[in-house]
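Undergrad: Everything below, folded, please.
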Amino acid sequence: MVGKKYRVLSGMRPTGALHVGHLKSVIEEWLSFQEGGNNCFFLVADLHALTTDWVDSKSIRKNSLEMVKDWLAAGISPEKSVIFLQSDVPEHAELFTILGMITPMGLLERNPTYKEALEEFGNREKLLNLGFFSYPVLQAADILLYKAEKVPVGKDQIPHIEIARDIAEKFNRIFGNIFPLPEPVLSESPKILGSDGRKMSKSYNNAIFLTEDINRITEKIMTYMTDTARKTRKDPGEPERCPLYTLHKVFSPKNDREYVESGCRTASIGCIDCKKVLLKNMLPEIENFQSKRRELEKSDDSVIDVLREGRKKAKEVAQATMEEVKKAIFG
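TA: Have a look, this model is predicted:
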């Protein structure tokens, strides 16, 4: 990140253990902004977690602390970035309420995430509630409250950022130019596939979790799906068809990637050989992460301190924004 410094906001819902997809596609993108000297805010989206996990809400706080431990072990620094709980800053809910007054129902009904949920789940009570329907408005409040200019997100979140831009434009048009229009930033990391060839996801039970036992990770890699067109050891394969190769793209250096690409296409190496090369590169990185995380597991106090300090910094910015918003609306 050379040149202009940006106000950056991103976050994750605390819904369970993080996997290598989170590390390589999300957290490393955050690190690039952080180390580039940008003004970064990273929020634990515990209010967003309630949209689908309200039945098991007592687990959200524990999951939040565990997730922040993962962030810290991966290099997100409370000295360089603001790390905080969404629910610790009431201004999120306050701005959400105000933005909701100017957000057309049709805009939310056209949201692809909501439309897909309708098709998949029908009227299932756990999912199709007002919170889930209005999720993009709360997300817009998260972003606009800190006047974020850049928002690192996954591809599936792009429609939500577009909604946030629409809401910001309408607010600015009605009440005055308060909010910059946020721009989504997609990770440069390639899509990482799980052990069954689908997108890596906890819900698919196909993920490599960052805190898993190293022996268990090794077992998973050794049974990982490869190019299904390669029926025997003598058959040439195609790395771009291979789910395992998506891990090589984010863990293995160029010379090792070239070695497995050539070896696969010429059948000079087998899938087991390919997996061993991956493990050589992948395991030391995960072991290093786990070593740092073990220091954080001794007590929750240090993590609570990080969130307490983050709350102070986030709230200072949030309060200033809300003063502007109220003055623009009410005079």
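Undergrad: After the least confident helix or strand in the chain by mean pLDDT, heading C-terminal, what element do we hit next?
TA: Counting by mean pLDDT, DSSP states H and E, the weakest-scoring helix or strand in the chain turns out to be helix 112-121, with a mean of 77. Per DSSP states H and E, the first helix or strand lying C-terminal to helix 112-121 is helix 130-133.
Undergrad: How about residues contacting that next one?
TA: The contact list for helix 130-133, computed with Cβ atoms under 8 Å, 6 or more residues apart in numbering, reads 50, 51, 52, 54, 108, 114, 117, 138. Bear in mind the C-beta positions are built from the backbone N, C-alpha and C, glycine included.
Undergrad: Could you check how far residue 58 is from residue 87?
TA: Between residue 58 and residue 87 the distance is 14 Å, computed by Cβ to Cβ, to the nearest Å.
Undergrad: Look at the two and report which has more neighbours.
TA: Applying other Cβ atoms under 10 Å to residue 58 and residue 87 shows that residue 87 carries more neighbours, namely 20 against 8.
Undergrad: so that one makes contact with residue 49?
TA: No - look at residue 87 against residue 49 with Cβ atoms under 8 Å: they stay out of range, at 9.6 Å.
Undergrad: sorry, back to before: from the contacts of helix 130-133, which is closest to residue 197?
TA: For those, the residue nearest residue 197 by Cβ to Cβ is residue 117; the value is 24.0 Å.
Undergrad: For that closest one, the count of nearby residues, please.
TA: 18.
Undergrad: I'd assumed residue 128 was in contact with it.
TA: Yes - applying Cβ under 8 Å as the test, residue 117 and residue 128 come out as touching, 6.5 Å apart.
Undergrad: got the CA coordinates for stretch 165-180 in PDB?
TA: The C-alpha coordinates for stretch 165-180 follow below in PDB (Å, rounded to 0.1, in the frame of the first residue of the first chain):
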ATOM      1  CA  ARG A 165     -23.000   3.200  -1.100                       C
ATOM      2  CA  ASP A 166     -26.600   3.700  -2.100                       C
ATOM      3  CA  ILE A 167     -27.600   4.600   1.400                       C
ATOM      4  CA  ALA A 168     -24.600   7.000   1.900                       C
ATOM      5  CA  GLU A 169     -25.500   8.700  -1.400                       C
ATOM      6  CA  LYS A 170     -29.100   9.200  -0.400                       C
ATOM      7  CA  PHE A 171     -28.100  10.500   3.100                       C
ATOM      8  CA  ASN A 172     -25.700  13.000   1.600                       C
ATOM      9  CA  ARG A 173     -28.200  14.100  -1.000                       C
ATOM     10  CA  ILE A 174     -30.900  14.800   1.600                       C
ATOM     11  CA  PHE A 175     -28.900  16.000   4.600                       C
ATOM     12  CA  GLY A 176     -25.500  17.200   3.400                       C
ATOM     13  CA  ASN A 177     -22.200  15.600   2.400                       C
ATOM     14  CA  ILE A 178     -21.300  13.700   5.600                       C
ATOM     15  CA  PHE A 179     -20.200  10.200   4.400                       C
ATOM     16  CA  PRO A 180     -17.500   9.200   1.900                       C
END
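Undergrad: Need the contact partners of it.
TA: Counting by Cβ under 8 Å, 6+ apart, 7, 99, 102-103, 107, 137, 140, 144, 147-149, 181-182, 321, 324-325, 328-329 sit against stretch 165-180.
Undergrad: how much space is there between residue 268 and residue 274?
TA: Relative to residue 274, residue 268 is positioned 11 Å away (Cβ to Cβ).
Undergrad: helices and strands around the host helix or strand of residue 21, which ones?
TA: For residue 21, the host element (DSSP H and E) is helix 20-22. Counting contacts by 3 or more Cβ pairs under 8 Å, 6 or more residues apart in numbering; DSSP states H and E, helix 20-22 is packed against no other helix or strand.
Undergrad: next one: the following helix or strand past that helix to chain centre, how far?
TA: As assigned by DSSP H and E, the chain's next helix or strand after helix 20-22 is helix 28-35. With Cα atoms, centre = their mean, to the nearest Å as the basis, helix 28-35 stands 12 Å off its chain's centre.
Undergrad: Pull out the buried residues from helix 28-35.
TA: The neighbour-count check on helix 28-35 (16 or more other Cβ atoms under 10 Å) flags 28, 29, 30, 31, 33, 34 as buried.
Undergrad: OK, contacts around the last one?
TA: Counting by Cβ under 8 Å, 6+ apart, residue 34 touches 40, 75, 76, 77, 80, 81.
Undergrad: any idea whether residue 264 is helix, strand or coil?
TA: helix (DSSP: H, G, I helix; E, B strand; the rest coil).
Undergrad: That one: neighbour count?
TA: Count around residue 264 with other Cβ under 10 Å applied: 27.
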